[in-house]
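Trainee: Fold the following for me, if possible:
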Amino acid sequence: MAVTCFTQEFKTAIAPSRMFRALILDSHNLIPKIAPQGIKSIEFIQGDGGAGSIKQTNFADGGHLKWLKHRIDSVDVEKLVCKYTLIESDIAFDKIESVVYEVQFESSRDGGCVCKMTSEYHVKAGLELKEEDIKQGKDKAMGLYKVVEEYLAANPEAYA
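Mentor: Next comes the predicted model:
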C-alpha cells in the first residue's frame, strides 16, 4: 500500500485558539448550525471527543456522500493539533484504504493564525492517486474552514 501526502494551509485573522475550539473541539455543535446546507449533523458514536472517539458526519440530502466516520487519533489542546483518520463511509472508495489527517493551528505575526492540514492517503496496492482525484474533498474542507472563519469574525465573543 502506497501513501500519498498532500498539504494545504490558509491564513486567517482569527486567533489560533478560537479556530481550534470551533473547528476541532466543538465542530459537532457549530458546523451543523452554520453550514446546514452541507452538513446535517455531527455526532459521537463512541467516546467524548478525545483520542479513540468515533465521530460520524451526516451530510445534507442530495450530496455525493451521505455520511462518513472519523476516528480521533490524538488531540493536543496546548499545541492546537488534532490527528484523525477517515475509517468508513457510505460509499466505497475505489483507490483509498484510509486517510489520516493532521490539522495544526499556529500563531501568525499579525495576531491571526495559519491553519495547516496534512492528508496522508493510504492507497490500495497497485493504484495511484493524483491531486485531481481528491480535489473536490479538499475544496469542500477549505470551504468549511472559510465558513467557520466568517462566523468567528462576525461573532468575536464566540470561542474567545
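
Trainee: could you measure the residue of the chain positioned farthest from its centre against residue 86, distance?
Mentor: The outermost residue of the chain relative to its centre, with distances by CA atoms, centre = their mean, is residue 126 at 27.6 Å. Distance of residue 126 to residue 86, computed by CB to CB, to the nearest Å: 21 Å. No exception for glycine: its C-beta is placed from N, CA and C like everyone else's.

Trainee: try residue 44
Mentor: The spacing between residue 44 and residue 86, counted by CB to CB, is 16 Å.

Trainee: So which residue is smack in the middle of the chain?
Mentor: Closest-to-mean residue, the chain, CA atoms, centre = their mean: residue 141 / 6.3 Å.

Trainee: Just give the nearest non-adjacent residue to that one, would you?
Mentor: residue 117 (7.0 Å; CB to CB, 6 or more residues apart in numbering).

Trainee: you'd agree that neighbour is up against residue 9?
Mentor: Yes: Residue 117 is in contact with residue 9 according to CB atoms under 8 Å; the separation is 7.0 Å.

Trainee: More neighbours: those two, which one.
Mentor: residue 117 (18 against 12; other CB atoms under 10 Å).

Trainee: Shouldn't that one be within a helix?
Mentor: No: looking at residue 117 with DSSP: H, G, I helix; E, B strand; the rest coil, it is strand, so not inside a helix.

Trainee: Right, I'll leave it there.
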